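**Student:** Sequence first, then the predicted structure:
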Amino acid sequence: MKILVLSFYFNPDLSAGSFRTTALVNALKLKMPLNGQITVYTTLPNRYSSILIEAFLEENIEGVSIVRIPLPKHNSGMMDQSRAFFSYAHQVIKRTKNQEFDIVFATSGRLMTAVLGAWVAHKKRVPLYLDIRDIFVDTVKDVLPKFSSKLIIPVLILLERWAINTANKVNLVSEGFTDYFSTRYPNQRFSYFTNGIDDEFLFLKSQKSDLIKSSLVKVLYAGNIGEGQGLHLIIPDLAKSMRGQVQFKIIGDGGRKDKLIAALALEGIDNVELSPPMNRQQLIEEYQAADALFIHLNDYDAFRKVLPSKLFEYAAMGKPIWAGVSGYAADFIEHEINNAVIFQPCKADCAEVAFKRLQINHTCRTDFIEKFTRQNIAMKMASDVIKTIGLD
């Protein structure tokens, strides 16, 4: 059995796609026959240009061959990202030309890796399993200017249709995607294996003593600082109105970080600290030092369908969660995560009101952790991938 895995991000890169695919490959390794072979085509770590992570170009470890493709230097702009992806795609097509596989697995947050997977599977005439982590058509519609989106969206719709219809099975990372995909592709098979909690966030020593009720609450945000998160639209007003009550720490990088910095400087905000991305062990230490964890998605229709991967590690830490989300993510929090408050995205006054409902103390979430442990989810997904080889 030979499985080709296509993922733009992979260990040791710092992204949700990397953590998800790495866990799946580890699970596939356990599920495959002894003579099975997994080939991973990914990139050298590139999620954040502000942090350098070294990795081997090629590795062979117990039946898993990992090929990391170097990319041209790029930032968060669409042209830069497009150039980087096409460099990756060109190398994947070239290197797989004379290789044989029994199935292609592709995980995709921005559609194009799904299209690449469909192309390779079509050429090889083998089954395709797609893992869809975002609705890129929706995101482009909301994020790009109307003129640009009108030109791009028809092309993206055609590419999406071809990729989804080529797949033998499609996994959707959020059940909030159901209506979008089931109405457009009623004959496709869908599964729902969400993101989950990685081992690093399990079995941590309780930090109850670190949660000190004082006049200044330490609030942490960790993740991307882009248009999708909209921090530049909420943090300056919120920090200003809650000066003397809350000290924010924001860890990460992204295309809207400069806008956030400029807005904070313009308002003379002194209760927001910005830090660059960091490795997971350092991040865990920052989580443990915080009193509450903050998450926010911009007020776009596309983000009413998503389920942020960050929620899973936040919840595992046992800290209060202050969430500016709507739609499916809000419903998920309401039903699955205790001691978490929701407010309308981009509304600082709503966030301030919601904050008053938070209990600033350690919260036991044992049931959530057992339900959403990444390893358990990855094992079930690996079984589904292998089963797909037998589908017509």
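**Tutor:** Arrived safely.

**Student:** CA atoms only for stretch 84-100, dumped as CSV, please.
**Tutor:** What follows is stretch 84-100, C-alpha atoms only, in CSV (Å, rounded to 0.1, in the frame of the first residue of the first chain):
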residue,chain,number,x,y,z
ALA,A,84,5.1,30.1,-3.5
PHE,A,85,2.3,27.6,-4.1
PHE,A,86,3.0,27.3,-7.8
SER,A,87,6.6,26.6,-7.0
TYR,A,88,5.4,23.8,-4.7
ALA,A,89,2.9,22.5,-7.2
HIS,A,90,5.4,22.4,-10.0
GLN,A,91,7.9,20.4,-7.9
VAL,A,92,5.1,17.9,-6.7
ILE,A,93,4.0,17.3,-10.3
LYS,A,94,7.6,16.9,-11.5
ARG,A,95,8.7,14.6,-8.7
THR,A,96,5.6,12.3,-8.7
LYS,A,97,5.6,11.9,-12.5
ASN,A,98,7.2,8.4,-12.4
GLN,A,99,5.9,7.3,-9.0
GLU,A,100,3.0,5.0,-8.3
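
**Student:** what comes into contact with it?
**Tutor:** For stretch 84-100, contacts defined as CB atoms under 8 Å, 6 or more residues apart in numbering pick out 2, 4, 6, 8, 39, 41, 43, 46, 67, 69, 71-72, 74, 110, 112-113, 116, 119-120, 124. (C-beta placed from N, C-alpha, C; glycine too.)

**Student:** same question, stretch 369-388
**Tutor:** Here stretch 369-388 has contacts from 1, 3, 19-20, 23-24, 26-28, 30-32, 103, 105, 127, 129, 131, 168-169, 171, 191, 193-199, 202, 312, 315-316, 336, using CB under 8 Å, 6+ apart.

**Student:** which of those are buried?
**Tutor:** Neighbour-count burial (16 or more other CB atoms under 10 Å) applied to the contacts of stretch 369-388 gives 3, 19-20, 23-24, 26-28, 31-32, 103, 105, 127, 129, 131, 168-169, 171, 193-198, 312, 315-316, 336.

**Student:** In strands, which of those residues appear?
**Tutor:** 3, 103, 105, 129, 131, 169, 171 (DSSP state E).

**Student:** which pair in these spans the largest distance?
**Tutor:** Spatial extent of these (CB to CB) is set by the pair Ile3 and Asn171 at 15.0 Å.

**Student:** Other residues contacting the lowest-mean-pLDDT helix or strand in the chain?
**Tutor:** One helix or strand of the chain scores below all others by mean pLDDT, DSSP states H and E: helix 136-143, with a mean of 89. Applying CB under 8 Å, 6+ apart, the contact partners of helix 136-143 are 109-111, 149, 152-153, 156-157, 160, 180, 227-228, 298, 300-303, 305.

**Student:** 10 Å instead, please
**Tutor:** 78, 108-112, 114, 135, 148-150, 152-157, 159-160, 177, 180, 184, 226-228, 298-306 (CB atoms under 10 Å, 6 or more residues apart in numbering).

**Student:** Give the ChimeraX command for selecting the buried subset of the residues you listed.
**Tutor:** Buried members of the contacts of helix 136-143, defined by 16+ other CB under 10 Å, are picked up in ChimeraX with:
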select :108,109,110,111,112,114,135,149,153,156,159,160,177,180,226,227,228,298,299,300,302,303,304,305,306
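
**Student:** Now, the contacts of helix 136-143 that are in helices?
**Tutor:** 78, 112, 114, 148-150, 152-157, 159-160, 180, 184 (DSSP state H).

**Student:** which of those residues lies closest to Gly63?
**Tutor:** Nearest to Gly63 among those, with distances taken as CB to CB, is Ala114, at 25.3 Å.

**Student:** Help me confirm that that closest one comes into contact with Ala167.
**Tutor:** Yes. Judged on CB atoms under 10 Å, Ala114 makes contact with Ala167 at a distance of 8.0 Å.

**Student:** joint contacts of these two?
**Tutor:** The contact lists of Ala114 and Ala167 share 106, 128, 130-132, where a contact means CB under 10 Å, 6+ apart.

**Student:** what about the stretch 251-392 of the chain, any weak spots by pLDDT?
**Tutor:** 391-392 (pLDDT under 70).

**Student:** swap the cut-off to 80 and go again
**Tutor:** For the stretch 251-392 of the chain, applying pLDDT under 80 flags the ranges 390-392.
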